[in-house]
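Enquirer: Need a 3D model of the following:
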Amino acid sequence: SKLVGAETLDLSVLPPLQHSYKEYCAFVLGRSDAPTLHEYWRNTLAGYVRNKLPFNYAGKKRKDVKGGMHSARRYIGPDLLQRLNLIVEQHQVTFKAICVSAHIYLMHAICAEDDVVTGVVTHDRPPISDGDRIMGCFLNTVPIRIKVNETGDCLSLIRSVNKYLIEVMPYETHLSEIAKIAGDKAGSGNPVFDCLLNYTDFHVFGEWEANETFSVNYEGMEWVLDNYSSEMTNTLFDLEVDRTYGNLSCRIKYVPAYFEREDVIYALDLYERILQQFADLPSAGIDVSSLLNEAELSHLVYDFNDT
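Expert: Reported below is the predicted structural model:
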C-alpha cells in the first residue's frame, strides 16, 4: 500500500470495534420512520420555493456547451483565517457555521433570494463509541433554510446557522426521504436545491503523520488540496471550503452549461469579501450593496434579471 510504510501491517493488533456499520444502517432506517422527523422537515420546508440559480435566474441551459463539472479555486490568507477563528472563540460558534453563513449570504446576493434554501454536506457519523472509526458511507446532504432578511446582521446570521446545524442533527436522513416528506416534485432534477456547501477539515491527516504504527507516503499522491475532490454530487453549483492542515481554501465546482467561468470566479471573490466582512465587523447589517461597487450592484440587480 502507498499509505503504509512497512511491507505488511498486522491488523490483529488493532482492538475490535464496539459497533458496526450494519448497526449504523439500522439506526438510520429506524430514525427515518420517526414521526418527529417527518414533522420537523414538514415545518422546516413548509411553503419553500426552489431558489433561482446563481447569476442564471431563468435557469437557461446552453445547448452549445458540453462536458461535466469545471472548477475554480481561491486560497484564503492566514490573517483572515486567524481572525475568523477569533469569532469561533469569542461567540462559541463552529468554523463550519461561519462558512455556511457566508454561503447563505452569497446565495442571497447572487441568486437574489431572501428565503435561501440550499444544501449542506454532513457526515452523519453516529454519536456512539468508536463512531469515528467505523468504515462505511456516512456522507449525506441536507437542506438548510434561512430567511436572510430576518437575521439582521452578520453575527445574528452566524448564530442562526450555528443553531440550525445543531438542531438538524437528530433529523438527518437521506435527501430523497426529506424531499418526499416536503412534497418536492422535482422529477428528474435535483431534490429541493441545486447548490450546496461542502465544508471539510481532514484533521486525521495530521494524526497519521504522528502515528508510529504506520507512516504515510505522500510521494505521488493525488489528494493535494488543489487537485482532488472528495465527493461527487448531482448539483449544479457546489462551494467547497477546506481547512485541512490549518490552510483555508475555497473552490466552486459548476456545470458550464449553466454558468460562465468569469461569474464563478466573481462568486469566489464575493465569498472572500463576505468572510472579510464577518471578520472586520460581525455586527454589520446584511446588506449586499455593502459588498459591491455601483457597477457590480447594477450587474447583479438588473443584468441577470433581464436573462
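
Enquirer: ok, which stretches of the stretch 101-250 of the chain are strands?
Expert: 115-122, 140-147, 195-200, 237-242, 248-254 (DSSP state E, counting those that start in this stretch).

Enquirer: Let me have these in TSV, adding distance to residue 274, mean pLDDT and mean neighbour count as columns.
Expert: All C-beta spots, glycine's among them, are computed from the backbone N, C-alpha and C. Output for the strands of the stretch 101-250 of the chain, formatted as TSV (distance: least, Cβ to Cβ, whole Å; pLDDT from 0 to 100; neighbours: other Cβ atoms under 10 Å):
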stretch	distance to residue 274	mean pLDDT	mean neighbour count
strand 115-122	13	95	21
strand 140-147	14	94	20
strand 195-200	12	96	22
strand 237-242	11	96	24
strand 248-254	11	96	22
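
Enquirer: Dump those to JSON lines, plus distance to residue 56.
Expert: Shown next, in JSON lines, are the strands of the stretch 101-250 of the chain (distance: least, Cβ to Cβ, whole Å):
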{"stretch": "strand 115-122", "distance to residue 56": "15"}
{"stretch": "strand 140-147", "distance to residue 56": "21"}
{"stretch": "strand 195-200", "distance to residue 56": "11"}
{"stretch": "strand 237-242", "distance to residue 56": "9"}
{"stretch": "strand 248-254", "distance to residue 56": "10"}
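
Enquirer: quick one: which of those is nearest residue 90?
Expert: strand 248-254 (18.4 Å; Cβ to Cβ).

Enquirer: which helices and strands sit right next to that closest one?
Expert: strand 70-76, helix 78-91, strand 237-242, helix 261-280 (3 or more Cβ pairs under 8 Å, 6 or more residues apart in numbering; DSSP states H and E).

Enquirer: which stretches of the chain have low pLDDT?
Expert: By pLDDT under 70, the low-scoring segments of the chain are 1-14, 18-33, 124-138, 186-188, 202-233, 301-307.
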